[in-house]
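Engineer: Please work out how this folds:
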Amino acid sequence: MRTVTFIIALFIAFSMNAQEKDSIQNYYANSVERMLSGKPGLAIGGYGEVHYNQPLNKDVKETGVLDLHRYVLFVGYNFSSKTQFVSEIEFEYAKELWVEQMFLQHKINPYINFRAGLLLIPMGIINEYHEPTTFNGVERPIIDNKISPTTWREIGLGFSGNIIPVNMKYQLYVVNGFNGYDATGGIFSGSKTLREGRQKGSKAYLSSPCFTGKLEYYGIKNLNVGVSGYVGKSQSRLFSNLPEDSVVLRKKADSSVVNIAMVGADLRYSYQGLKVTGQLYYTMLGNTKQYNIFTSKNGVYNDLGSAMLGYYAEIGYNVLRLMNNIKYELMPFVRYEAYNTHFAVEDIIAKNDKYDNTIITTGLTFSLTNGAVLKTDIQFMKSKADSKYNKVFNAGFGIMF
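Structural biologist: Predicted coordinates for the structure are as follows:
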């Protein structure tokens, strides 16, 4: 908890001390936002990354893994300055094909946009800004897999906008929720967390709507601060064809649902060659005791926790900035990261120390030009149940255009 306190204190310190405003504002725009601000007509973009992961274990020799991790194409069309369409098509692991985003946007006025379609859930940083040239490290932060299940997208509608006079971006959507129970049984657990419940717009079903939103403030010099949230219930197939007057079946269906409330806070600060990033997620899960009992297998209770916590703090510096007439960037960085999917549990299960993890990542990001990077790092990973760190060497490249 000392690290959590440190991150919160860092948020407060930057907010209190950086009072000066000027024209240098830390406004971030991902590939989709740049496409939406373009000229009428067809817009094309994309990004991709190739990874090499080599476990480093003194006891046994392990083979490395080479992976065309993802290749993504953005295709959009600006019908006019007000009505626009965006799609993002992703190839993963050189064999899987997904639609990651696809929505229609209409500008109601300069501050309000209506959106409908397959939308990214606006939690944290990486779920929206996940192009490989926008973050340090070969792999995305692990909390953006275990706690916020990046890339997290669902079908929905709502409003977004940029209120320039107060330097504030906002998003507010109603979306379909996680699949928590279907013909295969319970989807969530302490090890799987919520990730496998993403419906991704693929024949998604809806038993109750969920709500998500984010505020992002960029009005303080070199600082960007975001606050995000998600609330709702998981979806359950047991609500299909459910008689209204059946108390027994209603109780059974209610036991297959998990109440979910996630809050997030993030910070990005840059000054000359310095880059500081921090992120925090806290997820509260309700009805987990009933869910764990109902989804038991072979007489063993399921082990979904009632609260999950994840956070990281990262610092990097472009050392080539100290040299004149050098257009390249070389950023050594270090990131301290932790997550616990059993931060709290109901009384029928015990906390599992394997779910309480610490990760230290240190490496280099070499920017060849704007939109092309080479990356390498070493990750030290250890759960509370382990006696020593497991080490992995990673290398790769990423592009965005």
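
Engineer: Residue ranges in this protein under the pLDDT threshold?
Structural biologist: Counting by pLDDT under 70, the low-confidence segments of the chain come to 1-25.

Engineer: Go again with 50.
Structural biologist: Residues of the chain that meet the criterion pLDDT under 50 lie in 3-4, 6-24.

Engineer: what about the residue nearest to the spatial centre of it, which SS state?
Structural biologist: By C-alpha atoms, centre = their mean, the chain has its centre lying nearest to Asn127, at 3.5 Å. The three-state label given to Asn127 by DSSP: H, G, I helix; E, B strand; the rest coil is coil.

Engineer: nearest residue to it other than its sequence neighbours?
Structural biologist: For Asn127, ignoring the flanking residues on the chain, the nearest one in space by C-beta to C-beta, 6 or more residues apart in numbering is Thr150 at 4.8 Å. C-beta coordinates here come from the backbone N, C-alpha and C atoms, glycine included.

Engineer: Unless I'm misreading it, the one you found sits right up against Ile125, doesn't it?
Structural biologist: No: look at Thr150 against Ile125 with C-beta atoms under 8 Å: they stay out of range, at 9.6 Å.

Engineer: can you list residues touching both of those two?
Structural biologist: With contacts defined as C-beta atoms under 8 Å, 6 or more residues apart in numbering, the residues shared by Thr150 and Ile125 are Asp144.

Engineer: just so I have it, where are all the strands in the stretch 1-150 of the chain?
Structural biologist: Assignment of strands within the stretch 1-150 of the chain using DSSP state E, counting those that start in this stretch yields the ranges 41-56, 65-78, 83-92, 96-109, 112-120.

Engineer: Check the offset of the first one from the chain's centre.
Structural biologist: In this case it means strand 41-56. In terms of C-alpha atoms, centre = their mean, to the nearest Å, the centre of strand 41-56 is set 16 Å apart from its chain centre.

Engineer: and if you look at stretch 172-185?
Structural biologist: In terms of C-alpha atoms, centre = their mean, the centre of stretch 172-185 is set 17 Å apart from its chain centre.

Engineer: start the count at 732, not 1, going forward
Structural biologist: Got it, first residue is 732 now, which makes that one stretch 903-916.

Engineer: List the residues that contact the most far-flung residue of the chain relative to its centre.
Structural biologist: Here the centre of the chain is the reference, and by C-alpha atoms, centre = their mean the most remote residue is Asp976, at 40.5 Å. Listed by C-beta under 8 Å, 6+ apart, the contact set of Asp976 is empty.

Engineer: again with Gly772
Structural biologist: Neighbouring residues of Gly772 by C-beta under 8 Å, 6+ apart: 808-809.

Engineer: ok, what's across the strand from it?
Structural biologist: With DSSP bridges as the criterion, Gly772 is bridged to Asn809.

Engineer: Next: the one 5 residues further on.
Structural biologist: Under DSSP bridges, the beta-bridge partners of Gly777 are Leu804.

Engineer: neighbours around the residue nearest to Lys1006 when sequence neighbours are not counted, how many?
Structural biologist: The shortest distance from Lys1006 to any non-neighbouring residue, by C-beta to C-beta, 6+ apart, is to Gly1047 (4.7 Å). Neighbour count for Gly1047, taken as other C-beta atoms under 10 Å: 22.

Engineer: Cross-check the contact I'm expecting between Gly1047 and Pro1063.
Structural biologist: Yes: using C-beta under 8 Å, Gly1047 is in contact with Pro1063, at 6.5 Å.

Engineer: just so I have it, where are all the helices in the stretch 882-1031 of the chain?
Structural biologist: Using DSSP state H, counting those that start in this stretch, the helices found in the stretch 882-1031 of the chain span residues 978-985, 1019-1025.

Engineer: Save those as JSON lines, and put in distance to Gly892 too.
Structural biologist: As requested, these are exported to JSON lines (distance: least, C-beta to C-beta, whole Å):
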{"stretch": "helix 978-985", "distance to Gly892": "37"}
{"stretch": "helix 1019-1025", "distance to Gly892": "36"}
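
Engineer: Which stretch among those helices is buried most, on average?
Structural biologist: Comparing those by mean neighbour count (mean count of other C-beta atoms under 10 Å), helix 1019-1025 comes out on top with a mean of 21.

Engineer: gap between the very next helix or strand once past that one and the chain center?
Structural biologist: Next helix or strand after helix 1019-1025 toward the C-terminus (DSSP states H and E): strand 1038-1048. How far strand 1038-1048 lies from its chain's middle: 12 Å, per C-alpha atoms, centre = their mean.

Engineer: now Gly889, which residues is it bridged with?
Structural biologist: What pairs with Gly889, by the bridge criterion (DSSP bridges), is Arg846, Tyr904.

Engineer: How about the contacts made by it?
Structural biologist: Residues counted as contacts of Gly889 (C-beta under 8 Å, 6+ apart) are 845-846, 850, 902-906, 944.
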